[in-house]
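Peer 1: Just the structure for this:
(chains A and B)
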Amino acid sequence: NAGVMQNPRHLVRRRGQEARLRCSPMKGHSHVYWYRQLPEEGLKFMVYLQKENIIDESGMPKERFSAEFPKEGPSILRIQQVVRGDSAAYFCASSTNYNSPLHFGNGTRLTVT
Amino acid sequence: ELKVEQNPLFLSMQEGKNYTIYCNYSTTSDRLYWYRQDPGKSLESLFVLLSNGAVKQEGRLMASLDTKARLSTLHITAAVHDLSATYFCAVDNNYGGSQGNLIFGKGTKLSVKP
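Peer 2: Model prediction:
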């Protein structure tokens, strides 16, 4: 059973470009979460999605960031017009239900130059 | 606002020694998690603690939870080099947060030296 798959592992973008981060949850998991980790910091919750629905986006910046989890295909975290402050590791996690721990992917390390 | 504080943030210890990492959180929460992260890697789930007095052990690591004190501890027994990593605790964000909305501590970076 493959784990949570994220790609790309590393992504370099120039200021003003768009970044698209992909996440395929573990097989059988329909709940997806995105977290951001700044250097030497803990993870910060961004958004929680179920298939085709955003359940909790309380941690998402109001502008430039969006997330989706379509009926078919991976979840996508999209960052428009990236700025240097967006440089971070972005982790996706999935779970089956409320009582199960989150399973994290290996993350996408975004560098904005 | 729910806050999670870990201490120490950095810990250098010798192989064979024992030590404890502490995790305090500011308001009540249903459950507490411990994760391990190796450099450049993802987070590995170590323990989920669901109730007051819960104690779980896996190898040289033992985690406990005191919900009245809002404190969890991760105890390391007879440390070995392979335990070198960053350890995070996290709690459910019950106040305005959904399932999976966790508040993480800043992590404890553990280095075990021979």
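
Peer 1: what about the strands in chain B?
Peer 2: B:4-7, B:10-14, B:19-25, B:32-37, B:43-49, B:55-58, B:61-66, B:71-76, B:85-92, B:102-104, B:108-113 (DSSP state E).

Peer 1: Nearest approach to chain A belongs to which of the ones you listed?
Peer 2: Comparison of the strands of chain B against chain A by CB to the nearest CB identifies strand B:102-104 as nearest, at 3.3 Å. From N, CA and C alone the C-beta is placed, and that goes for glycine too.

Peer 1: what about the closest one, distance to the chain center?
Peer 2: 11 Å (CA atoms, centre = their mean, to the nearest Å).

Peer 1: Of all the strands of chain B, which one comes closest to A:L38?
Peer 2: strand B:102-104 (11.4 Å; CB to CB).

Peer 1: near chain A, anything from the closest one?
Peer 2: Yes - Strand B:102-104 reaches chain A (CB under 8 Å from any CB of the partner chain) through B:L102, B:I103, B:F104.

Peer 1: That strand packs against which elements?
Peer 2: Using 3 or more CB pairs under 8 Å, 6 or more residues apart in numbering or on different chains; DSSP states H and E, the elements in contact with strand B:102-104 are strand A:43-50, strand B:85-92.

Peer 1: In chain A, what residue comes closest to chain B?
Peer 2: For chain A, CB to the nearest CB, closest residue to chain B: A:G42, 3.3 Å.

Peer 1: Pull the number of nearby residues for that residue.
Peer 2: A:G42 has 21 neighbours, counted by other CB atoms under 10 Å in any protein chain shown.

Peer 1: And the residue nearest to it when sequence neighbours are not counted, what's its pLDDT?
Peer 2: Nearest residue to A:G42 in three dimensions, chain neighbours excluded: B:F104, at 3.3 Å (CB to CB, 6 or more residues apart in numbering or on different chains). At B:F104, the model reports a pLDDT of 93.

Peer 1: Likewise for the one 4 residues further on?
Peer 2: As predicted, B:T108 sits at a pLDDT of 96.

Peer 1: returning to what we had before: need the helices and strands packed on strand B:102-104 in TSV with mean neighbour count, can you?
Peer 2: Shown next, in TSV, are the helices and strands packed on strand B:102-104 (neighbours: other CB atoms under 10 Å in any protein chain shown):
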stretch	mean neighbour count
strand A:43-50	22
strand B:85-92	24
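
Peer 1: possible to save the ones you listed as CSV with mean pLDDT and distance to B:R70?
Peer 2: Below are these laid out as CSV (pLDDT from 0 to 100; distance: least, CB to CB, whole Å):
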stretch, mean pLDDT, distance to B:R70
strand A:43-50, 93, 20
strand B:85-92, 94, 9
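
Peer 1: Mind checking the ones you listed for the one nearest to A:H10?
Peer 2: strand A:43-50 (18.3 Å).

Peer 1: that older thread, so can I have CSV of the strands of chain B showing distance to A:I79?
Peer 2: Below are these laid out as CSV (distance: least, CB to CB, whole Å):
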stretch, distance to A:I79
strand B:4-7, 26
strand B:10-14, 31
strand B:19-25, 30
strand B:32-37, 23
strand B:43-49, 21
strand B:55-58, 37
strand B:61-66, 35
strand B:71-76, 34
strand B:85-92, 24
strand B:102-104, 21
strand B:108-113, 28
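
Peer 1: what's the closest of these to A:G3?
Peer 2: So among the strands of chain B, strand B:43-49 is nearest, using CB to CB, at 10.4 Å.

Peer 1: just the angle between that closest one and strand A:43-50, please?
Peer 2: Orientation check (axes from the mean of the first three to the mean of the last three CA atoms, to 10 degrees): strand B:43-49 against strand A:43-50 gives 90 degrees.
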